[in-house]
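K.L.:
coordinates for the following, if possible.
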Amino acid sequence: MEPVDIKTRWRTRHLDLANFQIPWPLSLWQSSLPVSFVGQDSIIIPGLSDAHAHVLDYGAAMALDLSGCKSKQEVLHRVVQYVKSHPGVLDDPSRWIKGMGWDQNLWSDPQYPTADDLDSESLLRGRRIYLDRVDGHAAWVSNRVLQLMGSLPNEVDGGLIIRDTSGKPTGIFVDNAMAIVPIPAPTKSQLREYFDRTVKDALAVGLTSIHDAATEPHMIEFYQEYLRLYLMGNTASNAYWGRNLTRLIDYGIAERLNLRSVKLFADGALGSFGAALLEPYSDNPSTNGLMLVQQETLSTLVKRFWEDGWQVNIHCIGDRANHIVLDIFEDILSRSEHGSAAKRRPRIEHAQIMTLDDLERAGRLQVIPSVQPTHATSDMWYAERRLGPERIKGAYAYQTMIQTSKTGVLPLGSDFPVEGINPLLGFYAAVSRLSPSGDSPHGPQGWYPSERLTRVQALKGMTLDAAYAAFTEDKLGSLSVGKKADFVVLDRDIMTVPLSELLATRVRATVIDGEVVYGSL
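P.N.:
Numbering: from 1, shown residues only. Take a look at the predicted model:
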């Protein structure tokens, strides 16, 4: 090996590379920052965001999780087992039993359950039981709760009390009617327990940022550590309440808390026949669903929040609700003094069922549809029956939303605890349109496969698009110089592995602000 001349900052050194030895301590070469090496098969991706979730509700729901029950009897069995395994509940019939996750659409007889069904189990008879439907838009209560409520109103604006043929309440309360059930508020210690449970599970699946969809004022104090949270303020009132909230920008521990948006509700949910449709339900022609607030009232609320500088995010499932809300946004955006869509970033949460014209209009107006891919694969088993062959063409139309959008922004979320908390469930649903077991009503090619997202689109929806929808694209969403060191190490490359391997992916490490908060590097 020939000697070479090495020019340094100070002088030229003549070195024999074959016998070269460093003439100064190796420590002088070492960076002051630690360097970690991930395994050969691992991949590093930006920290994942969930653009629509319910943080405390998830923690509460996991205490008595009723999701996935294939029959009413299975639900009852889980409730009985819960009582047996909690001595404090077993020994005190006055204790409230709260659970979430039942879905009558999964049962062979998809009729609503009743309070009498709960009383059919001797261990449950006489107890105060409140069970949220999987979507949180209907509640199933026991006869003891009905007794506590006494006389009930004949009607509830934006809600429904299910009654039998004699007019007797059956124990099911839908949408706004749920508010009249006297369920006690959780204690501070319970809220902390719910929060800690959610944080633990979220970090384990690679979530570094969550948009909490409906944050009541008393919840905010719990949201100041571990995760980045983008809060959507909400109160149960149709009167303007924006001035009761204080905007929070980069607040709390490590500046991780933001409150600059509000969450309003236009309608209910498809599974409980509460989504507001332009025409009657195909499988229940007696109803068009429910608008939870009158159009004029909703319009006034939206304009007030807009004028006061809030980002406005509105829950819309049915095509009627989406149409009305797009009318409101279009009217506001037509007035230059109200600011552009790019500056204000209005969102429709769920954007589940739209007419084809409204899909195009949402894109043209730059209204951001915030969608949940696992809703499509959960609902696909009954959605077409509920909507019919024409309306279904504008339902869960994620690829169409991107193609008709001027910005191509499509933030993805899960709506947990309505769906699972693992963002890879949503990634898989978005790119496959299949159930976790690999099937669909249309076979292994997926449910309306033309609406599949590419893997790049899906990852962007969980990173950059979610950041844009929260005004944080300059800080989050990509592994870029100057942005926060939020990233996730996975045990395989989700951009290339076969679909059948996606859901086997495991998180090796979750990192927030450069700190390992789950796993190890």
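K.L.:
count residues in the vicinity of D513, would you?
P.N.:
Look at D513: counted by other Cβ atoms under 10 Å, it has 14 neighbours. (Each C-beta comes from the backbone N, C-alpha and C, glycine too.)
K.L.:
tell me, what's the model's pLDDT at it?
P.N.:
In this model, D513 is scored at 94, pLDDT.
K.L.:
I'd say it and F487 touch.
P.N.:
No: D513 is not in contact with F487 according to Cβ atoms under 8 Å; the separation is 10.5 Å.
K.L.:
next one: A53 relative to D175, how far apart?
P.N.:
20 Å (Cβ to Cβ, to the nearest Å).
K.L.:
repeat that for D212.
P.N.:
D212 is 20 Å from D175, by Cβ to Cβ.
K.L.:
and T377, by the same measure?
P.N.:
In this view, T377 and D175 are 24 Å apart by Cβ to Cβ.
K.L.:
kindly report the same for K72.
P.N.:
From K72 to D175 the distance is 22 Å (Cβ to Cβ).
K.L.:
and for S108?
P.N.:
Counting by Cβ to Cβ - S108 and D175 are separated by 26 Å.
K.L.:
of these two, which one has the most company?
P.N.:
Using other Cβ under 10 Å as the criterion, S108 and D175 rank with D175 on top: 25 against 7.
K.L.:
what sits against that one?
P.N.:
H137, A138, G158, G159, L160, G268, S272, G274, L290, L292 (Cβ atoms under 8 Å, 6 or more residues apart in numbering).
K.L.:
if you set the cut-off to 7 Å instead, what comes out?
P.N.:
Counting by Cβ atoms under 7 Å, 6 or more residues apart in numbering, D175 touches H137, G158, G159, L160, G268, G274, L290, L292.
K.L.:
find the nearest non-adjacent residue to the first one, please.
P.N.:
Residue nearest to H137 in three dimensions, not counting chain neighbours: A269, with 4.0 Å by Cβ to Cβ, 6 or more residues apart in numbering.
K.L.:
number of residues surrounding the one you found?
P.N.:
Other residues within reach of A269, judged by other Cβ under 10 Å, total 26.
K.L.:
pLDDT below threshold where in the stretch 1-150 of the chain?
P.N.:
Within the stretch 1-150 of the chain, the ranges that satisfy pLDDT under 70 run 1-33.
K.L.:
go on, the stretch 201-350 of the chain?
P.N.:
Ranges of the stretch 201-350 of the chain meeting pLDDT under 70: 221-222, 224-227, 235-238, 242, 244, 253.
K.L.:
mind listing what's buried in stretch 331-345?
P.N.:
Buried residues in stretch 331-345, counted by 16 or more other Cβ atoms under 10 Å: I332, L333, A341, R344, R345.
K.L.:
ok, now which ones touch the first one?
P.N.:
I332 makes contact with K303, W306, H338 under the criterion Cβ under 7 Å, 6+ apart.
K.L.:
verify the stated contact: the last one with W306.
P.N.:
This points to H338. Yes: contact between H338 and W306 holds when scored by Cβ atoms under 7 Å: they sit 6.0 Å apart.
K.L.:
state the distance from the residue nearest in space to the middle of the chain to D379.
P.N.:
Centrality entry for the chain: nearest residue to the mean C-alpha point is D415, 2.4 Å, by Cα atoms, centre = their mean. Noted for D415: a distance of 12 Å to D379, by Cβ to Cβ.
K.L.:
max-length helix in the chain?
P.N.:
Longest helix in the chain by number of residues (criterion: DSSP state H): helix 188-204.
K.L.:
how far out from the middle of the chain is that helix?
P.N.:
Chain-centre distance of helix 188-204: 16 Å, with Cα atoms, centre = their mean, to the nearest Å.
K.L.:
over to stretch 495-512?
P.N.:
On Cα atoms, centre = their mean, the centre of stretch 495-512 falls 20 Å from the chain's centre.
K.L.:
what sits up against that stretch?
P.N.:
Residues from elsewhere that reach stretch 495-512, judged by Cβ under 7 Å, 6+ apart: 42, 47, 203-206, 208, 424, 427-428, 432, 436, 438, 455, 485-492, 494, 516-521.
K.L.:
buried ones in it?
P.N.:
V497, L502, T505, V507, R508, A509, T510, V511, I512.
K.L.:
quick one: which helix or strand includes the third one?
P.N.:
Following DSSP states H and E, there is no helix or strand that holds T505.
K.L.:
count the neighbours of the closest residue to N105 other than its chain neighbours for me.
P.N.:
Spatial nearest neighbour of N105, chain neighbours left out: Y382 (5.0 Å); criterion: Cβ to Cβ, 6+ apart. Number of residues near Y382 (other Cβ under 10 Å) recorded here: 17.
K.L.:
this completes my enquiry, with thanks.
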